[in-house]
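> Give me a model of this one.
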Amino acid sequence: MQPSELDEWAARLQQELRLDETTIDVGTVLDLARDAAHSVARPAAPLTTFIVGVAVGRGMPIREALDAVARCLPAAETGTDPDTPAGAGAGAGAGA
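Numbering: from 1, shown residues only. So this is what the prediction gives:
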């Protein structure tokens, strides 16, 4: 599927779901899904995007939701607690 096809699909789906005035950044959603799939497991991609969608639908700003996901991803990659201060867990600094 080409990027323009994804944009067309997103626009058609938004219209059908009565989200006409909502702007969906297809690239951001795809990046989110990719990061979840590669950092956690493939099935995490649709689950993560759905959960973020629920949070945004309930009023959380998208940037805040994406930041929350980013805080969780290192835990999945290293096996550390996401609340562990930077530099305190295994693998700290990798990819930084």
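> now the residue nearest the centre of the chain, nearest residue through space, not along the chain?
Central residue of the chain (C-alpha atoms, centre = their mean): residue 32, 3.0 Å from the mean position. Of all residues not flanking residue 32 in the chain, residue 49 sits nearest, at 5.7 Å (C-beta to C-beta, 6 or more residues apart in numbering). Just so you know, the C-beta spots here come from the backbone N, C-alpha and C atoms, and that holds for glycine as well.
> list the contacts for that neighbour?
29, 32, 33, 36 (C-beta atoms under 8 Å, 6 or more residues apart in numbering).
> pLDDT wise, what is the third one at?
pLDDT, residue 33: 97.
> helix or strand for the closest residue to it other than its chain neighbours, which one?
The shortest distance from residue 33 to any non-neighbouring residue, by C-beta to C-beta, 6+ apart, is to residue 45 (3.9 Å). According to DSSP states H and E, residue 45 maps onto helix 44-57.
> in that helix, what counts as buried?
By 16 or more other C-beta atoms under 10 Å, the buried positions in helix 44-57 come out as 44, 45, 48, 49, 52, 55, 56.
> The fifth one: what's it in contact with?
In other words, residue 52. 32, 62, 65, 66, 69.
> Just the element for the first one, please.
Secondary structure from DSSP H and E places residue 32 in helix 26-39.
> and that helix, what other elements does it pack with?
Judged by 3 or more C-beta pairs under 8 Å, 6 or more residues apart in numbering; DSSP states H and E, the packing partners of helix 26-39 are helix 3-16, helix 44-57, helix 62-78.
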